[in-house]
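In: this one's structure only:
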């Protein structure tokens, strides 16, 4: 019997590793040349998901792709204009005089996380419906105050923000898309309700916004005239803003436009307002959110699209919606913020899960999609610009198009990714990266850090399965 010949490997071996990174790491530690391939089983190996993907990427793909092209067109072509500031109860549709709007999907009072409950209590006291937060808690629990998701009233609010009818709101009009949307005035830093604080300082800040900041800004905007919101954001991105976690440059551009009219204010608290505005580097965040909402809402009636037009969190649950007359929410648990930097003495154990409506920015090409050009965001992802670039490239893999207005100089001026496609999310098991702040889970401390949260895949998969059922 002849022995099998001995096969010798060449002295120089290049390895392609598909699967577990352990093999890649071990080979690289031994000096081998290794290329790692980030391959995952489509749909997580779930037979129903794989079958739905086969149909939506196969015989149904023409229907979906046509609808998606229309959604991307509306997002890219809409021009959201800031028209002014008004009282929430006077302009927001279906907002009664005993209503509080909150972030995220609908949720019962008893199921709300502590920071959101605190914010609602602060809003109730600021409205004058209760003398203190204890009385406010009883009122909220009684059902006498209607608690509604802001998203279902053409409104978006960041973090744990809650607004009552007397709160000042930005009014955004997108004539191309036929939408009017709203957002609260940003509360700034410190002891504030949008960070889950309900003490006297937080309540006083809400009153200050209503009685001073709102009126001063409203008069300035009236004198200035409409402002093209996303033109400012498009300037801010090359200046290092992702216009979600970091908004300094765009805020400065916004205040520059308003400055001549702010200094002309005859309001008796104008100096206080100016001090507040100059110290609030997130002032533009809420404006950008309302503009983003106007774009995605303009696509809300497009049937058969796989592109996400709502992505929102309330600190307990995480919900997404696809366009179409059905308007169903697909909801799962809200995740922790995975890539984070914490204040001293804080950490994952003191942090609330992901919260707020600000993820709407990731749907139009800001936030995570614009991370590549933001050194500030890179600091939360490992500190290297290559990490920030990788975050944007991850979003490119799950988006159906690119922005025609937001450009990334670091990537040869390519447009930021736009249009999160549930087919790609389910196929690749890659979910959107959302740049966000972190607030204390229970004691009303306020902000405890910031970071990047990766959306849970389940809500996108559920949306995919529902879309497959709806397309015959």
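Out: It's in. This one's a predicted model, so the numbers in the text were calculated from it and none came from an experiment.
In: contacting residues around the residue lying closest to residue 141 once chain neighbours are set aside?
Out: In this structure, residue 141 finds its nearest non-sequential neighbour in residue 109, 5.4 Å apart by C-beta to C-beta, 6 or more residues apart in numbering. Every residue, glycine included, has its C-beta placed from N, CA and C. Residue 109 makes contact with 117, 120, 140-141, 143, 147, according to C-beta atoms under 8 Å, 6 or more residues apart in numbering.
In: Residue 172 now?
Out: Taking C-beta under 8 Å, 6+ apart, we find residue 172 in contact with 80-83, 180-183, 229, 287, 290-291, 293-294.
In: how far away is it from residue 430?
Out: The gap separating residue 172 from residue 430 is 31 Å, by C-beta to C-beta, to the nearest Å.
In: now do residue 99
Out: 38 Å.
In: ditto for residue 397
Out: Distance from residue 397 to residue 430, by C-beta to C-beta: 6 Å.
In: Those two: which is more packed in?
Out: More neighbours surround residue 430 than the other of residue 397 and residue 430, with 19 against 14 (other C-beta atoms under 10 Å).
In: Report the separation between that one and residue 246.
Out: Residue 430 sits 23 Å away from residue 246, going by C-beta to C-beta.
In: Any regions of this protein where pLDDT drops low?
Out: Along the chain, segments meeting pLDDT under 70 span 1-4, 7-11, 19-20.
In: What strands flank the top strand by length along it, and is each parallel or antiparallel?
Out: Longest among the strand segments of the chain by residue count, using DSSP state E, is strand 399-408. Using DSSP bridges, strand 399-408 pairs in its sheet with strand 414-420 (antiparallel).
In: Tell me which residues touch the residue lying closest to residue 33 once chain neighbours are set aside, please.
Out: Residue nearest to residue 33 in three dimensions, not counting chain neighbours: residue 14, with 4.5 Å by C-beta to C-beta, 6+ apart. By C-beta under 8 Å, 6+ apart, residue 14 lies in contact with 32-35.
In: same question, residue 245
Out: Contacts of residue 245 (C-beta under 8 Å, 6+ apart): 367, 374, 376-377, 380, 435-437, 450.
In: Mind doing that once more with 7 Å?
Out: Contact analysis of residue 245 by C-beta atoms under 7 Å, 6 or more residues apart in numbering lists 376-377, 435-436, 450.
In: What of residue 467?
Out: Residue 467 makes contact with 56, 306, 322, 422, according to C-beta under 7 Å, 6+ apart.
In: Looking at those residues, which one is closest to residue 131?
Out: Distance ranking of those against residue 131, using C-beta to C-beta, places residue 322 first at 43.9 Å.
In: Tell me, how many residues neighbour the closest one?
Out: Neighbours of residue 322 (other C-beta under 10 Å): 28.
In: Identify the spatial nearest neighbour of it, chain neighbours not counted.
Out: residue 463 is the one closest to residue 322 (C-beta to C-beta, 6+ apart), at 5.4 Å.
In: Surely that neighbour is in contact with residue 329?
Out: No: in this structure, residue 463 is not within contact of residue 329 by C-beta atoms under 7 Å, at 9.2 Å.
In: and these two? which has more neighbours close in?
Out: Between residue 463 and residue 329, counting by other C-beta under 10 Å, residue 463 is the more crowded of the two (23 against 19).
In: list the buried ones in stretch 35-52?
Out: Residues 36, 42-43, 49, 52 are the ones in stretch 35-52 that count as buried (16 or more other C-beta atoms under 10 Å).
In: Tell me which two of the residues you listed sit farthest apart.
Out: Greatest spatial distance among the buried residues of stretch 35-52 (C-beta to C-beta): 36 and 52, at 28.8 Å.
In: what's the distance between residue 114 and residue 132?
Out: Note on residue 114: its distance to residue 132, by C-beta to C-beta, is 18 Å.
In: out of those two, which sits in the more crowded spot?
Out: Per other C-beta under 10 Å, whichever of residue 114 and residue 132 has more neighbours is residue 114, with 18 against 13.
In: How about the contacts made by the more buried one?
Out: 196, 441-442.
In: can I get those in JSON lines with distance to residue 263, secondary structure and neighbour count?
Out: Below are the contacts of residue 114 laid out as JSON lines (distance: C-beta to C-beta, whole Å; DSSP: H, G, I helix; E, B strand; the rest coil; neighbours: other C-beta atoms under 10 Å):
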{"residue": "196", "distance to residue 263": "34", "secondary structure": "coil", "neighbour count": "30"}
{"residue": "441", "distance to residue 263": "42", "secondary structure": "coil", "neighbour count": "19"}
{"residue": "442", "distance to residue 263": "43", "secondary structure": "coil", "neighbour count": "12"}
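In: Isn't residue 352 up against residue 441?
Out: Yes: contact criterion C-beta under 7 Å: residue 352 and residue 441 qualify, at 4.3 Å.
In: Just the ones of the buried residues of stretch 35-52 in strands?
Out: Among those, DSSP E puts residue 36 in strands.
In: Just put the buried residues of stretch 35-52 in TSV and tack on distance to residue 457.
Out: TSV is the format used below for the buried residues of stretch 35-52 (distance: C-beta to C-beta, whole Å):
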residue	distance to residue 457
36	21
42	12
43	10
49	10
52	14
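In: The buried residues of stretch 35-52 in helices, which ones?
Out: 49, 52 (DSSP state H).
In: from the buried residues of stretch 35-52, which single one is nearest residue 90?
Out: Comparing the buried residues of stretch 35-52 against residue 90 with C-beta to C-beta places residue 52 closest, at 44.6 Å.
In: dump the residue contacts of that closest one.
Out: Residues near residue 52 by C-beta under 7 Å, 6+ apart: 464-465, 468.
In: residue contacts, the most centrally placed residue in the chain?
Out: Nearest to the geometric centre of the chain sits residue 359, at 1.1 Å (C-alpha atoms, centre = their mean). By C-beta under 7 Å, 6+ apart, residue 359 lies in contact with 311-313, 434.
In: Just the ones in strands from those residues, please.
Out: Counting by DSSP E, the contacts of residue 359 place 311-313, 434 in strands.
In: Of these, which pair is most distant in space?
Out: Farthest pair in those, by C-beta to C-beta: 312 and 434, 10.3 Å.
In: Most neighbours of all the contacts of residue 359, which one?
Out: If you count neighbours using other C-beta under 10 Å, the busiest of the contacts of residue 359 is residue 313, which has 29 neighbours.
In: Look up how far residue 306 lies from it.
Out: In this view, residue 313 and residue 306 are 21 Å apart by C-beta to C-beta.
In: go on, residue 254?
Out: For residue 254, the distance to residue 306 equals 34 Å [C-beta to C-beta].
In: Check residue 171 too.
Out: Computed as C-beta to C-beta, the residue 171 to residue 306 distance reads 31 Å.
In: Compare these two (neighbour count), which wins?
Out: Shown here are residue 171 and residue 306; by other C-beta under 10 Å, residue 306 has more neighbours (30 against 19).
In: Next up, the contacts around that one.
Out: Taking C-beta under 7 Å, 6+ apart, we find residue 306 in contact with 56, 64, 68, 322, 421-423, 467.
In: Any chance of JSON lines for these, columns secondary structure and distance to residue 5?
Out: Listed next are the contacts of residue 306 as JSON lines, based on DSSP: H, G, I helix; E, B strand; the rest coil; distance: C-beta to C-beta, whole Å:
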{"residue": "56", "secondary structure": "helix", "distance to residue 5": "50"}
{"residue": "64", "secondary structure": "helix", "distance to residue 5": "54"}
{"residue": "68", "secondary structure": "helix", "distance to residue 5": "56"}
{"residue": "322", "secondary structure": "coil", "distance to residue 5": "59"}
{"residue": "421", "secondary structure": "strand", "distance to residue 5": "51"}
{"residue": "422", "secondary structure": "helix", "distance to residue 5": "53"}
{"residue": "423", "secondary structure": "helix", "distance to residue 5": "49"}
{"residue": "467", "secondary structure": "helix", "distance to residue 5": "56"}
